[in-house]
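Student: For reference, the sequence and a predicted model appear below.
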Amino acid sequence: MRQTPYYVFDTDEFAKRAAMIRAALDCKGGRRIPLCFSIKANPFLLHRLPEGLDHVEVCSPGELEICIALGVKPESIIYSGVMKEKCDIERAVSYGAGILTCESIRHATLISEVMLECMSEGAQEAGLVEKKAQVILRLTSGNQFGMSLEDIEYIISHPDEFKGIAVMGIHYYSGTQKSLRKINKDLEKIKSALTMLKDKYSFEPQLVEYGPGLCVEYFEEDWQEKEKQSLDEAAEVLREFAEEYPLGIEMGRFLAASCGKYYTQVKDLKSTGDANYAILDGGIHHLNYFGQRMAMQVPPISIYRAAGVEFTELLDTDYTLCGSLCTVADVLVREVKLKKLELGDVLEFGHCGAYSVTEAPALFLSRQLPAIYAYSKEYGYECLREHIPAAEINLAGKK
């Protein structure tokens, strides 16, 4: 057993998941809905992107640098993000990012400025591309992301103010873990906006990029059946929408969640009153399940016994699974029945391929960052990152 704590991301499962979604989205007559992976869900999956993915959504300069380092095809990149500076746009353009999103009029202005400078004398020497940027305008869903329909109208109706961009479509995303009812409501909003833009400005989109935010069943035993049902129901309305508009689908959580597992070892066992506590070498700074309120829900858990120690025949025992942090908040599961645990047992937590690896507060209390492995049948286990001492990151610079 490897040194805990660590993650394993199964790239075969990731490819299988992408193929399942791809099959559900394919339309009659061979019409293919482009599928985009939002890499903020798990940038380590860029290590082996499966066939069937057309784009990757990149939402920060750091994510772009990861793509560049791994040689991700630049034309596949949709460079997004609510805060873009001119230098960020220049880097994305110089790499050849295929599509850029505008989340404000200022974004449109900055992207246009960069492209016009690229067209100026000497730009070729800097490796910049001499053409207009292909952009999609993000319509807000009522928060800080995207812009109002009025701002979108302004950009489309004032092309002379944005000579460096070509508006190719609309982008819309309203959140995660959505019901079919909410997806239908989203699509109606998008249709209404596109109908108005066509009537007033003869605007015909080349791409309508939409994130359906399908629900991941973290705490259900029959999660595969329920998620397949959700996908099939959503795919039906998405295919219908795609018959009228050039739809593209972006996913993060729904694509990646099932491919990840997290391993942490039992380091201490104790009882106080009626509660039995297992203290693990991981914790909430590594593991995060969306919607797990007060650690009451139980995710998939398996036990691997340390070498040479037999599984006991004792009845199941109620445990509170706690992490290594010095805070009462570090509870992974408040109450769960498991076979009687022993020191050295390794617990495997499933369904953590999306967000846990980057979203959990990994630097809190300067515990080490977990190691990360990729697994596939062809390549076996590949170490993508060794353990990293968080103290080195949290240590103030020495004079």
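Tutor: Nice, I can see it.
Student: Residues contacting the lengthiest helix in the chain, please?
Tutor: Scanning the chain for the longest helix, with DSSP state H as the assignment, gives helix 180-201. Residues outside helix 180-201 that contact it (CB atoms under 8 Å, 6 or more residues apart in numbering) are 139, 141, 149, 152-153, 156-157, 170, 172, 174-175, 178, 203-205, 208, 210, 212-213, 230, 233-234, 237-238, 241, 244-245. The C-beta positions use only the backbone N, C-alpha and C, and glycine is treated the same way.
Student: can you do 7 Å?
Tutor: If you take CB atoms under 7 Å, 6 or more residues apart in numbering as the criterion, helix 180-201 is touched by 139, 149, 156-157, 170, 172, 174, 203-205, 208, 210, 212, 233-234, 237, 241, 245.
Student: Just the buried subset of those, written out for ChimeraX, thanks.
Tutor: Below is the selection syntax for ChimeraX that covers the buried ones among the contacts of helix 180-201, with 16 or more other CB atoms under 10 Å defining burial:
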select :139,149,156,170,172,174,203,205,208,210,212,234,241,245
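Student: Low-confidence stretches in the protein?
Tutor: 1, 29-30, 121-130, 306-314, 398-399 (pLDDT under 70).
Student: center of it - which residue?
Tutor: With distances taken as CA atoms, centre = their mean, Ala41 lies nearest the centre of the chain, 1.8 Å away.
Student: Enumerate every residue touching that residue.
Tutor: Applying CB under 7 Å, 6+ apart, the residues contacting Ala41 are 252-253, 255-256, 354-355.
Student: tell me the contacts of the residue nearest to it when sequence neighbours are not counted?
Tutor: For Ala41, the nearest residue in space outside its immediate sequence neighbours is Gly252; the separation is 3.2 Å by CB to CB, 6 or more residues apart in numbering. By CB under 7 Å, 6+ apart, the contact list for Gly252 reads 37-38, 40-41, 354.
Student: Columns secondary structure on top of those, output as a markdown table?
Tutor: Compiled in a markdown table, these are given as follows (DSSP: H, G, I helix; E, B strand; the rest coil):
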| residue | secondary structure |
| --- | --- |
| Phe37 | strand |
| Ser38 | strand |
| Lys40 | helix |
| Ala41 | helix |
| Ala354 | coil |
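Student: quick one: which of the residues you listed is nearest Asp26?
Tutor: Distance to Asp26, by CB to CB, is smallest for Phe37 among the contacts of Gly252, at 17.2 Å.
Student: thinking that closest one is in contact with Asp54, fair?
Tutor: No. Phe37 is beyond contact range of Asp54, at 9.1 Å (criterion: CB atoms under 7 Å).
Student: distance of Glu161 from Leu110?
Tutor: Shown here: Glu161 relative to Leu110, a distance of 13 Å by CB to CB, to the nearest Å.
Student: Who has more neighbours out of those two?
Tutor: A count of neighbours by other CB atoms under 10 Å puts Leu110 above the other of Glu161 and Leu110, at 22 against 12.
Student: for the more buried one, what are its contacts?
Tutor: For Leu110, the contacting residues are 84, 86, 89, taking CB under 7 Å, 6+ apart as the criterion.
Student: so which strand or helix has it?
Tutor: Here Leu110, judged by DSSP states H and E, is contained in helix 105-119.
Student: quick one on the thing from earlier: can you put the contacts of Leu110 in a markdown table and add distance to Phe14, neighbour count and secondary structure?
Tutor: Written out in a markdown table, the entries for these read as follows (distance: CB to CB, whole Å; neighbours: other CB atoms under 10 Å; DSSP: H, G, I helix; E, B strand; the rest coil):
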| residue | distance to Phe14 | neighbour count | secondary structure |
| --- | --- | --- | --- |
| Lys84 | 28 | 23 | coil |
| Lys86 | 35 | 13 | helix |
| Ile89 | 30 | 22 | helix |
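Student: Leu341: which of the residues you listed is nearest?
Tutor: Out of the contacts of Leu110, the member with the shortest distance to Leu341 (by CB to CB) is Lys84, at 48.8 Å.
Student: Take the contacts of helix 180-201 and keep only those in strands.
Tutor: When DSSP state E defines the strands, the subset of the contacts of helix 180-201 inside them is 170, 172, 208, 210.
Student: Pick the one among the residues you listed closest to Leu45.
Tutor: Of all these, the one sitting nearest Leu45 is Tyr210; the distance, using CB to CB, is 21.1 Å.
Student: From Leu269, how far out is that closest one?
Tutor: Taking CB to CB, one finds Tyr210 at 48 Å from Leu269.
Student: how about the helices in the stretch 201-350 of the chain?
Tutor: Taking DSSP state H, counting those that start in this stretch as the criterion, the stretch 201-350 of the chain carries its helices at 223-242, 253-256.
Student: With distance to Phe9 added, can I get those helices in JSON lines?
Tutor: Formatted as JSON lines, the entries for the helices of the stretch 201-350 of the chain read as follows, by distance: least, CB to CB, whole Å:
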{"stretch": "helix 223-242", "distance to Phe9": "18"}
{"stretch": "helix 253-256", "distance to Phe9": "8"}
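Student: Single out the most deeply packed of the ones you listed.
Tutor: helix 253-256 (a mean of 25; mean count of other CB atoms under 10 Å).
Student: Run through who's touching it.
Tutor: Contacts of helix 253-256 from elsewhere in the structure, counted by CB under 7 Å, 6+ apart, are 14, 17-18, 21, 37, 41-42, 45, 176, 214, 216, 353-355.
Student: chain center to it: distance?
Tutor: 7 Å (CA atoms, centre = their mean, to the nearest Å).
Student: switch to numbering from 46
Tutor: Got it, first residue is 46 now, which makes that one helix 298-301.
Student: Output it as CSV - backbone C-alpha positions only.
Tutor: In CSV, the C-alpha atoms belonging to helix 298-301 read as follows (Å, rounded to 0.1, in the frame of the first residue of the first chain):
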residue,chain,number,x,y,z
ARG,A,298,-18.4,17.5,-12.0
PHE,A,299,-20.6,15.0,-13.9
LEU,A,300,-17.6,14.0,-16.1
ALA,A,301,-15.0,13.6,-13.4
